[in-house]
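Below is the sequence, then the predicted model.
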Amino acid sequence: MAETGTAPEYKKYQSYHLNVDPEQDDKATEIKLCHFSRPHMRAFHCSWWSFFIAFFIWFAIAPLLSEIKETLDLTKQQIWTSSIAGVGGTIFMRFVLGPACDKYGPRILFTVILCFASIPTALTGLVSSAAGLAVLRLFIGFAGGTFVMCQYWTSRMFTKDVVGTANAL
């Protein structure tokens, strides 16, 4: 019971399936890969699965570049320009998504970025110029920024003793 004059501590869950450290905001002190218990392991699995989808979006165009180069009669310089645009989109989003995670949390941002980045990926077949390819890869590059949300989400779920392992997995 809370002391008189202080607000009671709010906890969404009364008990957890993993051991937690109440001194570290009820973060998990262990990792059980084959469990999907809430909130720790479910967040862990949603995080890596979402990043896998983002990675798939991000690199979906790479195996097609030789065919795109030939079909659109592009130079090597134009292909490199589109690659730089893709990396630039990723770098830009990493700066934007860090503070946005602090404000909105990783789940909402993951959803928005994955939905947004899937649109230009689906439109890849409609590209008809070097400029179109560069713009398309810029927007697809936004998917690479999901690395920030993946690390943030996992870091919020595990204690400092196991967070490095969780992020590495």
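Nice, thanks for sending it over. Residues are numbered from 1 along each chain as shown.

distance of the spatially most central residue of the chain from L74?
Taking C-alpha atoms, centre = their mean as the criterion, T146 is the residue nearest the geometric centre of the chain, at 2.5 Å. Going from T146 to L74 by C-beta to C-beta, to the nearest Å gives 28 Å. (C-beta placed from N, C-alpha, C; glycine too.)

Quick check: pLDDT value at the nearest residue to L97 once chain neighbours are set aside.
In space, and not counting its chain neighbours, L97 is closest to V148: 4.3 Å by C-beta to C-beta, 6 or more residues apart in numbering. pLDDT recorded at V148 is 93.

Secondary structure element for G164, which one?
Taking DSSP states H and E as the definition, one finds G164 inside helix 163-168.

ok, and for that helix, which residues are buried?
Neighbour-count burial for helix 163-168 flags V163, A166, N167 (criterion: 16 or more other C-beta atoms under 10 Å).

helices and strands around that helix, which ones?
Counting contacts by 3 or more C-beta pairs under 8 Å, 6 or more residues apart in numbering; DSSP states H and E, helix 163-168 packs against helix 146-157.

Residues contacting the helix it packs on, please?
Contacts to helix 146-157, defined as C-beta atoms under 8 Å, 6 or more residues apart in numbering, come from residues 27-28, 39-40, 43-44, 46-48, 50-51, 54, 93-94, 97-98, 101, 106-107, 109-110, 113-114, 163, 166-167.

Using neighbour counts, pick out the buried residues of the lengthiest helix in the chain.
The longest helix of the chain (DSSP state H) is helix 76-104. Buried residues in helix 76-104, counting neighbours by 16+ other C-beta under 10 Å, are found at 78-79, 81-83, 85-86, 89-90, 93, 97, 100-101.

My read is that L136 contacts T124, right?
Yes: with contacts counted by C-beta atoms under 8 Å, L136 reaches T124, the gap being 6.4 Å.

Between these two, which has more neighbouring residues?
L136 (21 against 16; other C-beta atoms under 10 Å).

so how far is I61 from that one?
8 Å.

any residues in contact with both of those two?
Common neighbours of L136 and I61, using C-beta under 8 Å, 6+ apart, are T124.
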